[in-house]
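**Q** coords please:
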Amino acid sequence: MFVKVCGITAAEQIDWAVRLGYSAIGVVMHRRSPRFCGAERGRELASHARGRIASVAVGVSYEEIAAWRDTFDYLQAYDYRDMDRYLYAGVMEPPAGCRSLFIYDASRGSGRAGSLPSWLHSIRDRLIISGGLAPETVSRVIREYRPFGVDVSSGVEAARGKKDYHLMERFIAEVRHACE
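**A** Here you go, the predicted model:
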């Protein structure tokens, strides 16, 4: 299963994600986020991840991440683009013919779990569920929806914007347990 940890702000956190077996890390390029990384830090983190783990530049709009296309492995935003290496995020059913991975984020970055609609079952082969996931909640979501992947951010933080190794470890263990 694809497992992304988003809101990475330090090279040490990338090392943790690699050691624990995560599939990807997300670096937030949206200025109003408490996990925002500026241009210099974003380049450093993408460079540190290169060849070790997939990296994703995360924004609200495509415009705020477009310049990062050659720096990160993937781009992620809440406006639809039909392009390679793009993760489309949102809460509405993706347009017909959408082939990209779709991140359903009921929390829209708030970290609070929302309800999941039944139409998610029809796109599970390209679905990544996000929003309000934590070690205590991820198993249930995986068992019920059987998504392609899951994405966590605040659910593995000891304090807002501060990733915690032990929470990241518990989260990935719960994912593996749910997939058995």
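
**Q** Going by C-alpha atoms from here, please, whenever you check contacts or count neighbours.
**A** OK.

**Q** and residue 151, that one's in a strand?
**A** Yes - using DSSP: H, G, I helix; E, B strand; the rest coil, the assignment for residue 151 is a strand.

**Q** Hmm, residue 128 and it touching each other?
**A** Yes - contact criterion CA atoms under 8 Å: residue 151 and residue 128 qualify, at 6.6 Å.

**Q** Can you get me the start-to-end distance on stretch 26-46?
**A** 9 Å (CA to CA, to the nearest Å).

**Q** I misspoke; the intended subject was stretch 9-27.
**A** Taking CA to CA, stretch 9-27 runs 7 Å from one end to the other.

**Q** Which residues does that stretch contact?
**A** Stretch 9-27 is contacted from outside by 2-8, 35-37, 41-42, 45, 48-49, 52-58, 163, 165, 168-169, 172, using CA atoms under 8 Å, 6 or more residues apart in numbering.

**Q** 7 Å instead?
**A** The contact list for stretch 9-27 (CA atoms under 7 Å, 6 or more residues apart in numbering) reads 2-8, 35, 37, 42, 45, 48-49, 52-58, 165, 169.

**Q** For residue 115, give me its contacts.
**A** residue 106.

**Q** likewise the one 4 residues further on?
**A** The contact partners of residue 119, taken as CA under 7 Å, 6+ apart, number zero.

**Q** Please apply the same query to residue 148.
**A** Contacts of residue 148 (CA under 7 Å, 6+ apart): 1-2, 124-128.

**Q** mind running it again at 10 Å?
**A** For residue 148, the contact set (CA atoms under 10 Å, 6 or more residues apart in numbering) comprises 1-3, 101-103, 123-129, 142.

**Q** Then residue 52?
**A** 14-15, 17-19, 23-24.

**Q** The same query, at a cut-off of 8 Å, please.
**A** Residue 52 sits next to residue 18 when contact means CA under 8 Å, 6+ apart.

**Q** What are the boundaries of the strands in this structure?
**A** Taking DSSP state E to define them, one finds strands in the chain at 2-6, 24-28, 54-58, 74-77, 86-90, 102-105, 127-130, 149-152, 157-159, 162-163.

**Q** where are the low-confidence patches of the protein?
**A** Along the chain, the parts satisfying pLDDT under 70 run over 107-114.
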